[in-house]
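Novice: when you get a sec, could you give me coordinates for this:
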Amino acid sequence: MSSTTLLRQVRVLDVERGFLGDITDVLVRNGRIDKIGADARATDADTHTIDAGGRTLMPGLIDLHVHVIAVDMNLGRQVGLPNVFVLLRAIPILEGMLMRGFTSVRDAGGAERALADAVASGLARGPRLFVCGRALSQTGGHGDFRARSDHLPMIESCACSSRIGAIARVVDGVDEVRKAVREELQMGAHQIKVMASGGVASPADPIYAFGYSLDELRAIVEEASARRTYVMAHAYTPEAIIRAVECGVRTIEHGNLVDAKAAAVMARHGAYAVPTLITYRALIEQGPSLGLPPDSVEKAYGVLNQGVQALQILDEAGVQIGFGSDLLGETHSRQSEEFLIRSQVLPAQKVLASATTVAARVLQMEGQLGVVAEGAMADLLVVDGNPLESLECLAHPEDSLRLIMKDGVIQKRQGL
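Specialist: Residues are numbered from 1 along each chain as shown. This next block holds a predicted model:
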């Protein structure tokens with residue numbers, strides 16, 4: 001396929017300004033946006049020209065909280081699956097995300113650098129991956145999936161663990177968490193994930209539980225900062241959020257129970273929020289039939305309704321909000337429903353920004369991803385309709401996404 005593509009008759013969506021421009025042309029060359037304007041023309045003899053018929057051209061979407069190797073709703077059960085089963089089941093999950101218009105995703109536990117490299121090299125088809133390797137969890141924390149019992153079986157928690165299905169590693173103590181961060185970074189993690197409170201899908205930790213001591217959290221952040229990267233923290237309650245942010249954590253994942261005080265602390269420290277609302281609806285509606293333990297279903301009920309309210313609290317405090325989905329197993333197909341849940345509270349422009357410009361800032365890729373601009377990476381979507389007026393076009397990508405381009409390469413073309 002030609003490395004030069006001319007997209008004619010498009011209306012460029014400027015998410016940051018909330019503006020849909022007049023009809024123009026966009027030239028893509030060697031994976032980048034080369035020229036935008038009516039005079040965008042290519043001299044290359046093999047330029048591929050596509051007429052979009054006045055449709056919207058927008059940046060590729062970014063999901064900041066996925067688990068691409070979460071192939072089973074029961075995460076404790078999937079650790080025992082044969083490695084090849086987990087890997088082969090992850091491949092269609094990756095491709096499905098790309099076909100929904102997500103050209104970049106941040107994996108929040110489980111995916112390793114080799115999988116990101118496999119996608120980048122074309123060995124597997126999917127979005128650009130930003131991985132954290134295995135998330136860090138204390139004993140009995142959100143990443144410890146051992147069932148309650150009268151004894152604790154040994155688990156593979158070291159960096160050399162051979163279980164592909166493990167999304168987290170159990171590690172305790174300041175010295176050990178330092179070593180764990182260094183190991184994940186040595187193996188190619190783009191950022192570090194830590195479990196800073198209890199969670200829904202794990203068996204032994206109530207939502208209100210703290211994950212890690214302050215000294216452990218500070219050590220984790222210090223080690224990540226030493227490599228010029230950051231820490232993302234799973235946290236639900238106001239107390240857990242404040243502890244994590246004051247220790248230097250950069251993004252708060254979920255945050256369903258946030259209050260005004262915790263949101264103000266986040267805003268003051270410049271921390272980002274990455275809510276993940278669709279997953280709780282999926283856990284409640286589909287979890288019991290897909291093997292989710294009853295205790296986890298009950299915990300999902302406890303955080304679902306407050307999650308929508310949290311969006312308003314965070315927005316009013318001035319916290320920048322990123323897009324996340326956090327789906328597991330067969331529910332990955334519901335990823336795009338997150339747009340409609342958020343649109344109940346936030347205007348379309350802010351929801352779009354969460355999956356483009358804000359998400360790019362979180363990934364430290366501002367100006368490269370999440371925008372249609374000269375010099376940016378050519379991750380582009382052609383969609384029917386105006387997303388600023390209705391997010392239905394993104395919630396139903398199988399019908400409205402006419403073109404998906406990643407790194408200048410066409411991944412889907414329909415009806416153009």
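Novice: low-confidence ranges in the chain?
Specialist: Applying pLDDT under 70 to the chain picks out residues 1-2, 43, 147-162, 201-203.
Novice: apply 90 and report the result again.
Specialist: 1-3, 38-47, 73-80, 140-166, 198-209, 211, 280-308, 415-416 (pLDDT under 90).
Novice: which strand or helix spans the residue positioned nearest the centre of it?
Specialist: Central residue of the chain (Cα atoms, centre = their mean): residue 64, 2.1 Å from the mean position. Mapping residue 64 onto the secondary structure by DSSP states H and E places it in strand 61-66.
Novice: which strands or helices does the longest helix along the chain pack on?
Specialist: Longest helix in the chain by number of residues (criterion: DSSP state H): helix 294-317. Packing partners of helix 294-317 (3 or more Cβ pairs under 8 Å, 6 or more residues apart in numbering; DSSP states H and E): helix 260-269, helix 278-286. C-beta here means a position set from N, CA and C on the backbone, and glycine is covered the same way.
Novice: can you classify the nearest residue to residue 113 once chain neighbours are set aside as helix, strand or coil?
Specialist: Among residues not flanking residue 113 along the chain, residue 188 sits closest, at 2.7 Å (Cβ to Cβ, 6 or more residues apart in numbering). The local conformation at residue 188, judged by DSSP: H, G, I helix; E, B strand; the rest coil, is coil.
Novice: residue ranges for the strands of the stretch 1-150 of the chain, please.
Specialist: Applying DSSP state E, counting those that start in this stretch to the stretch 1-150 of the chain gives strands spanning 4-14, 19-29, 32-36, 48-59, 61-66, 102-107, 128-130, 135-137.
Novice: surely residue 335 and residue 278 touch.
Specialist: Yes: between residue 335 and residue 278 there is a contact under Cβ atoms under 8 Å: 7.1 Å.
Novice: between the two, which is the more surrounded one?
Specialist: Neighbour count, other Cβ atoms under 10 Å: between residue 335 and residue 278, residue 335 has more, with 28 against 23.
Novice: on that earlier part again, which neighbours do residue 335 and residue 278 share?
Specialist: Both residue 335 and residue 278 are in contact with 325, 327, where contact means Cβ atoms under 8 Å, 6 or more residues apart in numbering.
Novice: for residue 230, which non-adjacent residue is spatially closest?
Specialist: residue 250 (3.9 Å).
Novice: wait, isn't that neighbour in contact with residue 244?
Specialist: No: using Cβ under 8 Å as the test, residue 250 is too far from residue 244 to be in contact (9.5 Å).
Novice: who has more neighbours, those two?
Specialist: Of the pair residue 250 and residue 244, residue 244 is the one with more neighbours under other Cβ under 10 Å, namely 35 against 22.
Novice: list the buried ones in the helix or strand containing that one?
Specialist: Here residue 244, judged by DSSP H and E, is contained in helix 238-246. For helix 238-246, burial by neighbour count (16 or more other Cβ atoms under 10 Å) applies to 238-245.
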